[in-house]
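Q: Need a 3D model of the sequence below.
(one chain, ligands or ions: 1)
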Amino acid sequence: MIQISHLSKSFTLNRQQKKELGTTQNSVLAVDDISFECLPGRVHALLGPNGAGKTTTLRMLSTIFKPTRGTIIIDNIDAVKDPQEARKHIGFLTGSAGLYARLTPNELIAYFGELYGVSRNDIEMRKKKLYDLLDMHDFQNKRIGKLSTGMKQKVSICRTMIHDPQVVIFDEPTSGLDVITAENIIQLIRDCKNQGKTVIFSSHIMGEVDLLCDDITIIHKGKVLYNDTMEAFRAQQQTPNLTAEFIRIVHDQKTEVQ
Ligand SMILES: Nc1ncnc2c1ncn2[C@@H]1O[C@H](COP(=O)(O)OP(=O)(O)OP(=O)(O)O)[C@@H](O)[C@H]1O
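A: Numbering: from 1, shown residues only. Next up is the predicted model:
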């Protein structure tokens, strides 16, 4: 379970960043007082246009960023006050960051498994399951630096899941992957849901959200524009499809702001 309450994050901008963004402001408010919950056994979609604050939110949930304000409770643990304890319950997937090019997938998975205190037996058992699901057996002993983007993404997924976390956070999990690999990841998310895990993921692909998600939060300019079940989202829909509906909600907000 994830409980987010009045969460905000502002970044201080250095001179170079101010120049790049063409602003004189000293800081940017990436996430602005958001609150919502993600429940066990359900998949929650976090949507928003570019720069909405999705990655910043997910990085706060995964304890990489410290919030400027607000609280995050992960499985009854205060993730802001006790990030180390919260981390044991979290699997966070973001690109292929945190992979060591010189190691092989087997070495990396063993390393992270041990870091999380997973027994050798459990590491082997979970690794086999993940390798089967993601079709990874052929490259398990190749150096990660020599693998393709999709292969690296698969290794990242194994690293994310090796401690069998109860809360799974995926930042655009299928971005840049071929359809077969993307489908395997969708299956993995379904498995997580069926095992009663709490899953939140960001995506720009409405088809994926439609297939997978039980709940949806749309953010824009750091604020929550919409938060409800997918069922309620479909029921209030005023446009022919979910992409059009997403655009309508974001556009209506833009019009209101102007
Ligand atoms: N480290 C940082 N320093 C300064 N500003 C940042 C930093 N990280 C993000 N931002 C700013 O915060 C805002 C939200 O960015 P974020 O990456 O969270 O958006 P996003 O919704 O994930 O976007 P996208 O869909 O393009 O990945 C943007 O205005 C971005 O420029």
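
Q: Going by C-alpha atoms from here, please, whenever you check contacts or count neighbours.
A: Will do.

Q: Now for the residue of the stretch 151-258 of the chain found nearest the ligand: which residues touch it?
A: Scanning the stretch 151-258 of the chain for the residue nearest the ligand gives residue 222, at 7.0 Å (criterion: CA to the nearest ligand atom). Applying CA atoms under 8 Å, 6 or more residues apart in numbering, one finds that residue 222 lies in contact with 29-34, 52-53.

Q: Next: residue 144.
A: Shown in contact with residue 144 (CA under 8 Å, 6+ apart): 99-105, 152.

Q: just to revisit the earlier point, which entries in the contacts of residue 222 are shared with the contacts of the ligand?
A: Restricting those to those adjacent to the ligand (criterion: CA under 6 Å from any ligand atom) gives 30, 52-53.

Q: residues from this protein in reach of the ligand?
A: 11, 13, 30, 48-56.

Q: Show me the two of those residues that sit farthest apart.
A: 13 and 48 (22.6 Å; CA to CA).

Q: More neighbours: the two, which one.
A: Each of residue 13 and residue 48 has its neighbours counted (other CA atoms under 10 Å); residue 48 has more, 24 against 16.

Q: ok, and the closest non-adjacent residue to that one?
A: Of all residues not flanking residue 48 in the chain, residue 219 sits nearest, at 5.0 Å (CA to CA, 6 or more residues apart in numbering).

Q: Surely the one you found forms part of a helix?
A: No: assigned with DSSP: H, G, I helix; E, B strand; the rest coil, residue 219 falls outside any helix and is strand.

Q: Pull the contacting residues for it.
A: Applying CA under 8 Å, 6+ apart, one finds that residue 219 lies in contact with 46-49, 52-54, 225-226.

Q: and residue 81, how many neighbours?
A: Residues lying near residue 81 (other CA under 10 Å) number 14.

Q: From here on, call the first residue 42.
A: Okay, using 42 as the starting number, the last item reads as residue 122.

Q: what helix or strand is residue 97 on?
A: Here residue 97 sits within helix 95-102, counting by DSSP states H and E.

Q: buried subset of the residues of the chain next to the ligand?
A: Buried residues within the residues of the chain next to the ligand, counting neighbours by 16 or more other CA atoms under 10 Å: 54, 71, 89-90, 93-97.

Q: Adding pLDDT as columns, could you present these in TSV?
A: Formatted as TSV, these follow (pLDDT from 0 to 100):
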residue	pLDDT
54	90
71	96
89	94
90	93
93	94
94	96
95	95
96	94
97	96
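
Q: which of those residues lies closest to residue 79?
A: Checking those against residue 79 with CA to CA, the nearest one is residue 95 at 14.7 Å.

Q: Help me confirm that that closest one comes into contact with residue 243.
A: Yes: using CA atoms under 8 Å, residue 95 makes contact with residue 243 at a distance of 6.7 Å.

Q: what's the overlap in contacts for these two?
A: When contacts are counted by CA under 8 Å, 6+ apart, residue 95 and residue 243 are jointly contacted by 87-88.

Q: Show me where the stretch 192-299 of the chain has its helices.
A: 220-235, 247-253, 271-277, 283-298 (DSSP state H, counting those that start in this stretch).

Q: need those in CSV with distance to residue 102, can you?
A: As requested, the helices of the stretch 192-299 of the chain are exported to CSV (distance: least, CA to CA, whole Å):
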stretch, distance to residue 102
helix 220-235, 18
helix 247-253, 20
helix 271-277, 22
helix 283-298, 24
